[in-house]
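Asks: quick one: sequence and predicted model below, then my questions.
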Amino acid sequence: MRVKSVYVRREAGQQLAPGSGAIPMTDVRAAVLRRTSVFGPLPVVRRFILLLTLVLAPAGAGTVAAATPSASADGTSSAGSTLTISGPAVAPRNSLVTIRGTATLPGSAVVIWFHHHGQPSGLYLPSRTATSDAAGNWSTTFTLAVDFQYFATTGGLRSALILTKAASLTINRGPATVVLGGTVTISGTALPAYSTVSVYFHKAGDPLGVFGIHRTTRSSLGGTWSTTYAAEADETYYAAANGLVSSRQTTLAAQPNRPVVYRFPVDPPTVTSYARVHHDYPATDIFAPCGSRMVAVTGGVVQEVSRVDVWNPATDDPAVRGGLSISLVGDDGVRYYAAHLLDILPGVAPGARVVAGQLLGHVGETGNARGLGCHVHFGISPPCGPGEWSIRRGTFYPWPYLDSWRAGGQLSPVAAMNSWRAAHLAECAAHRLAGT
């Protein structure tokens, strides 16, 4: 008799009779007794049925069909029948991998046998089945938790053996700051071993969202990788390998007494107008033609970005009245808020480094500015949050600084911000004020 869907193990050094495709029944019994499926233990009922079948086998039934019947390396038999299989060489760890192939006869039952990293050498388990369609094509999927080898069998044929390696990629947190001109070491892990790792960099002052390849390296046998660069400016960087992308890291190039430069938030300032009053709380509405350029008032790091206008006049949620908006924490420690924008450049994102005068978006009338004319709501505050809005929208009037910047001056709001913060410590603490 023959036993179907039984996994077998061929011990190292054990040879099958040439062309027999058979394995001793005792080995099959032992395999059933001591092994489990690669995707989990065999059900108890199934193991009992298999054992009972083997025990009751006729005395003359000394062999059963092996998992690896005789076939040529390319999966063809002497009769012209074929069985092919294909799968990716590398795929992300824990991703769903699709295996495909062809069988000569439509409706063929194809069994896929798996061996994963960590199993005894030579052990393959029948863990997937598929049926070829009218054109002879078949496919199945599995989750790539670790490296897998696999092949297919049907009707006495055996396909080629495929290896799919599980890819992973990490990048370690880089130094927060480094002396200007100093060496920064970037490191992480990339599997499989000897993977090519590309590190992409964005330098402060470059167009937002533009990363240029700067370093290429390879992971070691253990999967670790590292590279270095000279800190000529603030840099944001990430790694890529085998179709995977790491998180982004930022290292600031520390410059003693880094100069703070201020620019008027709308460029050119000559097309703007604004008043020295504001309703309800201190801020300034800067009116300008729709689509005018909105730029960074100083160098710093983007704190929050709102790209979708969800304001509803029926509910008038004050947290989203700004529509499309950006908040920036400057190198001077002050937070600057610009709202009601028409659009925001793709590269403007939390953590992005910007310089004074850099284009961030364009003037619009989103949020509760709909129908009121295109303008930028401009607020100045201590860097609370992120996640709060009542302080972000403005804590003291910006117009004295706008007057200075419009005329080319460099009046700083740092003193006014520190004064307001000292008088509102309890309120700031409720919003996780930075530095308190």
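Replies: Cool, the structure landed.
Asks: contacting residues around L372?
Replies: Contacts for L372 were tallied using C-beta atoms under 8 Å, 6 or more residues apart in numbering; they are E365. Every residue, glycine included, has its C-beta placed from N, CA and C.
Asks: all further residue positions should be reported with the first residue as 32.
Replies: Sure, I'll start numbering at 32, so the last one becomes L403.
Asks: how about it, secondary structure?
Replies: Secondary structure for L403, judged by DSSP: H, G, I helix; E, B strand; the rest coil, is coil.
Asks: looking at it, R124 is touching D178, isn't it?
Replies: No: with contacts counted by C-beta atoms under 8 Å, R124 stays clear of D178, the gap being 9.5 Å.
Asks: all the helices of the chain, in order from the start?
Replies: Applying DSSP state H to the chain gives helices spanning 56-65, 75-86, 430-437, 445-454, 456-460.
Asks: identify the contacts common to R124 and D178.
Replies: By C-beta under 8 Å, 6+ apart, the residues touching both R124 and D178 are A197.
Asks: nearest residue to the middle of this structure?
Replies: For the chain, the residue nearest the mean C-alpha position is V276 (5.5 Å; C-alpha atoms, centre = their mean).
Asks: that one and Y269 touch, don't they?
Replies: Yes: assessed by C-beta under 8 Å, V276 is found in contact with Y269 at 6.2 Å.
Asks: just give me the neighbour total for the spatially closest residue to L376 that is not a sequence neighbour.
Replies: Residue nearest to L376 in three dimensions, not counting chain neighbours: L239, with 5.3 Å by C-beta to C-beta, 6 or more residues apart in numbering. As a burial measure, L239 scores 19 neighbours (other C-beta atoms under 10 Å).
Asks: would you confirm that R204 contacts Q280?
Replies: Yes: here R204 reaches Q280: they are 6.1 Å apart, a contact under C-beta under 8 Å.
Asks: counting neighbours, go ahead and name the busier of those two.
Replies: For R204 versus Q280, neighbours defined as other C-beta under 10 Å are more numerous around Q280 (20 against 12).
Asks: and G213, what pLDDT?
Replies: Looking at G213, its pLDDT is 83.
Asks: likewise for T185?
Replies: T185 is assigned 93 on the pLDDT scale.
Asks: does it really touch T133, like I thought?
Replies: No: the criterion here is C-beta under 8 Å, and T185 misses it with T133 at 10.6 Å.
Asks: what touches both of those two?
Replies: In contact with both T185 and T133: 114, 163, using C-beta under 8 Å, 6+ apart.
Asks: higher neighbour count, those two?
Replies: T185 (25 against 19).
Asks: so what's that one bridging to?
Replies: L188 (DSSP bridges).
Asks: list the contacts of it.
Replies: Applying C-beta under 8 Å, 6+ apart, the residues near T185 are 114, 134, 139-142, 163.
Asks: which of these tops the neighbour count?
Replies: Busiest of the contacts of T185 [other C-beta under 10 Å] is L114, holding 29 neighbours.
Asks: got a pLDDT number for the residue nearest to it when sequence neighbours are not counted?
Replies: Counting by C-beta to C-beta, 6+ apart, L114 lies nearest to L188, which is 4.1 Å off, once chain neighbours are set aside. What the model reports as pLDDT for L188 is 93.
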